[in-house]
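Peer 1: Pasted the sequence and its predicted model underneath.
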Amino acid sequence: MAEKFPIDLKQFKKLTLDPTKPTLTAEQKATLKSNIQLLRDVIVLFTATGPARGVSGHTGGPYDTVPEVCMLLALFEGSERFIPIIFDEAGHRVATQYLLAALEGSLPAEHLLHYREANSKLPGHPELGLTPGVKFSSGRLGHMWALVNGVALANRDKTVFCLGSDGSQQEGNDAEAARIAVAQGLNVKLIIDDNDVTIAGHPSKYLKGYDLTKTLSGHGLKVVTVQGEDLDSLWSGISSIITHEGPAAVVAKRVMAPGIPDIEGTIQGHDAIPVKSAVKYFESRGLSSLTSIYDKFRPIANPYLYVGCTGELGANRVMFGEAVNMVLDKLSKEEVKKVMVIDSDLEGSTGLKAIHQKPPEVFVPSGVMERGNFSAAAGFGFAPDKFGVFSTFSAFLEMVLSEITMARLNNCNVLSHFSHAGVDEVADNTCHFGINNMFADNGLSDVHSYLYFPADPAQMVAIVQRVFFERGLRFIFSTRSKVPWILKEDRTRFFEGDYEFVPGKDDVIAEGKAGYVVSFGDMLYRSWDAVLRCRQEGLDVGLINKACLNVVDEQTIMKIGRSPFVLVVESFNQKTGLGSKFGTWLLERQLTPRFGYMGATKEGCGGLWEQIAFQNLDPQSIILKIKQLSQ
């Protein structure tokens, strides 16, 4: 699309600020105001194209931090004593990085209108080497400050800036980063957007006692608290921390998305601004001519029609919470007290919202603190008759591996739900791919910690109800994407009726003499489609659903291992997923079919359903691999 960008970025006026002069002149202030309004308009304009094309995005964070970004640009303009990179701990503020790339000419402004679109190189988090003009990768909250410390160690004669947030500062990594910065006297300067909004709510309500000024001061940083929308206050604070030798921080208090009526101060401000709210914003600014641009965008659905499954889709990640409620509904009030469910600011994304609503007495709201939250769930489940429930994104499983080990050594009872597994519809892109989930099975061979990946909502319910009160650690995975219900060849739903889930037992979806495909989760319906199309061509391929990922079903593996070929299909990391283990399991049993496995192999392409085809995991790619193995 060659659509001309409707706001002229050349209106941005270069400005030089001197930190030894903490008072803005009238001219400097007027220029800053003009630049801030310009860039905020641009951010609203192009981030709203995300929801317009159905890929969502994030507006509030980048919109909030425009004042400090403009001031940092003015600092870089006037001196070489600064590393001229605006590092940022919040990957969801990626719109800032794209806007800066356009301002400096690395990206044409028109390309911003492809925000989060598949293959546009504008994914939901910045990735170094992917997008022209992007100077660093940031993804998971709370991971950049420590890296910035290293940049400061390598550039002792420079000052390094890092934008933070009240969300990113909840991560334990930042406490460690603070201690190193103070101990080494690093010239690291943090500017923290403290807007009291995260994904699930307001830290002031769910995290009583959380105070950034006190916390950072306690670590030994110089901390200045300012009003972020007061330019005099903000510049005075920034000047103060720059002229201070050593690590220092400005905590900028503001409401989320100030000046955008529909989302100001709300958790909706965290996500992309809805088109109707963007239209309202521009109309209030007398810029209604800009809004016609949204008429040019429409969501693009996957045109492929799958066989072997329902047209109806269900959200397994939501179904997890509903399935837990089905279990709790059967308990007495006393029995319910033996269950504790803790959130990591993701209740709406991982299904825990249903539990928060009913029954709220078992629910503990908490912040962006996966390590502490998992361990709290484990500690609750330290007693043999109590059970902790924990949930977060699958990508963040990598952050709790040590805590998992300690929980296992303490014989704790924890049921963990990791949503957003695999790569399907992960618009946030590579940093949020949930592809290394097999790492959860990091115990020794004398202990089983079952890993489950249900294929559809019916199997999610069956698994949760079966394993909820099992002792020890249990892990259940789901995708960000909705999935269809798996159908038998007679068109009835496979995991309903008299279906009973048995831990460690594989499901035979179809027998086959030519060979077998082994799959699970979001790849099962895609594999079933490929298998059915092969069967229609006369190739008698079978399909196995391995919902229990890390336990060998001896009966099934002996059967499929004696067939001509076995193909494992998954959306996990091909290097660390089920396929990397399955070949060994076959050889250990002296089974030598032709063997292949397919998994995620590349950094992402953005978009939603496009991620699967980009990884060559679509049905046509599976069919091609089946035919290669069957020759």
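Peer 2: Structure's in. What do you need? Numbers count the residues shown, from 1 in each chain.
Peer 1: Figure out the helix or strand that residue 97 lives in.
Peer 2: Following DSSP states H and E, one finds residue 97 within helix 94-103.
Peer 1: Can you list the neighbours in contact with that helix?
Peer 2: 9, 12, 39, 42-43, 46-47, 57-59, 62, 65-66, 69, 86, 88, 107-109, 111-112, 115, 122-126, 131-135, 138, 163 (CB atoms under 8 Å, 6 or more residues apart in numbering). The way it works is simple: take the backbone N, C-alpha and C, and place the C-beta from them, glycine included.
Peer 1: Can you find the helix or strand of this structure with the lowest average pLDDT?
Peer 2: Least confident helix or strand of the chain, by mean pLDDT, DSSP states H and E, is helix 203-206 with a mean of 93.
Peer 1: Run the chain-centre distance for that one.
Peer 2: 22 Å (CA atoms, centre = their mean, to the nearest Å).
Peer 1: Could you give the average pLDDT over the next helix or strand after that helix?
Peer 2: Downstream of helix 203-206, the first helix or strand assigned by DSSP H and E is helix 212-219. Per-residue pLDDT values over helix 212-219 give a mean of 98.
Peer 1: What helices and strands are in contact with helix 212-219?
Peer 2: Applying 3 or more CB pairs under 8 Å, 6 or more residues apart in numbering; DSSP states H and E, we find helix 212-219 packed against helix 172-184, strand 188-194, strand 222-227, strand 248-253.
Peer 1: domains in this structure, as residue ranges please.
Peer 2: As assigned by the TED database, the chain contains the domains 29-296, 309-630.
Peer 1: Correct me if wrong: residue 580 contacts residue 598.
Peer 2: No. Between residue 580 and residue 598 there is no contact under CB atoms under 8 Å: 11.7 Å.
Peer 1: circling back to that earlier point, mind putting the domains of the chain in TSV, distance to residue 22 included?
Peer 2: Listed next are the domains of the chain as TSV, based on distance: least, CB to CB, whole Å:
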stretch	distance to residue 22
domain 29-296	4
domain 309-630	33
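Peer 1: sorry, back to before: quick check: buried residues in the least confident helix or strand of the chain?
Peer 2: 203, 206 (16 or more other CB atoms under 10 Å).
Peer 1: Pull the residues that contact it.
Peer 2: 166-167, 170, 196, 200, 210, 365-367.
Peer 1: And stretch 297-305, by the same measure?
Peer 2: 49, 52-55, 609, 618-619.
Peer 1: between the residues you listed, which is nearest residue 384?
Peer 2: Checking these against residue 384 with CB to CB, the nearest one is residue 609 at 44.2 Å.
Peer 1: burial count for the residue nearest to the closest one when sequence neighbours are not counted?
Peer 2: Once flanking residues are discounted, residue 609 sits nearest to residue 302: 4.3 Å by CB to CB, 6 or more residues apart in numbering. A count of nearby residues for residue 302, using other CB atoms under 10 Å, gives 13.
Peer 1: Residue 302: what secondary structure?
Peer 2: coil (DSSP: H, G, I helix; E, B strand; the rest coil).
Peer 1: Do a quick rundown of the strands in the stretch 401-550 of the chain.
Peer 2: 414-419, 450-452, 473-477, 483-486, 507-510, 515-519, 541-545 (DSSP state E, counting those that start in this stretch).
Peer 1: Beyond the helix holding residue 97, next helix or strand please.
Peer 2: Assigned by DSSP H and E, the successor of helix 94-103 is helix 144-154.
Peer 1: chain center to that following helix: distance?
Peer 2: Distance, centroid of helix 144-154 to centroid of chain: 23 Å (CA atoms, centre = their mean).
Peer 1: between the helix or strand that it is followed by and helix 212-219, how big is the angle?
Peer 2: In the C-terminal direction, the helix or strand that comes right after helix 144-154 (DSSP H and E) is strand 159-165. Here strand 159-165 points in a direction 140 degrees away from that of helix 212-219 (axes from the mean of the first three to the mean of the last three CA atoms, to 10 degrees).
Peer 1: buried stuff in strand 159-165?
Peer 2: In strand 159-165, counting by 16+ other CB under 10 Å, buried: 159-165.
Peer 1: Dump those residues into CSV; add distance to residue 354 and pLDDT as well.
Peer 2: Below are those laid out as CSV (distance: CB to CB, whole Å; pLDDT from 0 to 100):
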residue, distance to residue 354, pLDDT
159, 47, 98
160, 43, 98
161, 41, 98
162, 37, 98
163, 34, 98
164, 32, 97
165, 28, 96
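Peer 1: Alpha carbons of stretch 568-582, as PDB, please.
Peer 2: Taking Å, rounded to 0.1, in the frame of the first residue of the first chain, the C-alpha atoms of stretch 568-582 are listed here in PDB:
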ATOM      1  CA  VAL A 568       6.400 -35.200  14.800                       C
ATOM      2  CA  VAL A 569       4.700 -31.900  14.200                       C
ATOM      3  CA  GLU A 570       4.700 -29.100  16.800                       C
ATOM      4  CA  SER A 571       5.000 -25.300  17.100                       C
ATOM      5  CA  PHE A 572       7.600 -25.600  19.800                       C
ATOM      6  CA  ASN A 573      11.300 -24.900  19.200                       C
ATOM      7  CA  GLN A 574      12.500 -27.600  16.800                       C
ATOM      8  CA  LYS A 575      15.800 -27.600  18.800                       C
ATOM      9  CA  THR A 576      14.200 -28.300  22.200                       C
ATOM     10  CA  GLY A 577      10.700 -29.600  21.600                       C
ATOM     11  CA  LEU A 578       9.100 -33.000  21.500                       C
ATOM     12  CA  GLY A 579      10.700 -33.900  18.100                       C
ATOM     13  CA  SER A 580      14.100 -33.500  19.600                       C
ATOM     14  CA  LYS A 581      13.300 -36.200  22.100                       C
ATOM     15  CA  PHE A 582      11.000 -38.500  20.200                       C
END
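Peer 1: Give the buried residues for it.
Peer 2: 568-574, 576-582.
Peer 1: Using a markdown table, please lay out those together with secondary structure, distance to residue 274 and pLDDT.
Peer 2: Below are the buried residues of stretch 568-582 laid out as a markdown table (DSSP: H, G, I helix; E, B strand; the rest coil; distance: CB to CB, whole Å; pLDDT from 0 to 100):
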| residue | secondary structure | distance to residue 274 | pLDDT |
| --- | --- | --- | --- |
| 568 | strand | 41 | 98 |
| 569 | strand | 37 | 98 |
| 570 | strand | 35 | 98 |
| 571 | strand | 30 | 98 |
| 572 | strand | 34 | 98 |
| 573 | strand | 35 | 98 |
| 574 | coil | 38 | 98 |
| 576 | coil | 38 | 97 |
| 577 | coil | 37 | 98 |
| 578 | helix | 39 | 98 |
| 579 | helix | 41 | 98 |
| 580 | helix | 42 | 96 |
| 581 | helix | 44 | 97 |
| 582 | helix | 45 | 98 |
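Peer 1: Now stretch 303-316: buried residues?
Peer 2: 306, 308-310, 314-316.
Peer 1: I'd like to know the average pLDDT value across stretch 171-180.
Peer 2: 97.
Peer 1: what about the helices in the stretch 351-500 of the chain?
Peer 2: Counting by DSSP state H, counting those that start in this stretch, the stretch 351-500 of the chain has helices at residues 353-357, 370-380, 401-409, 457-467.
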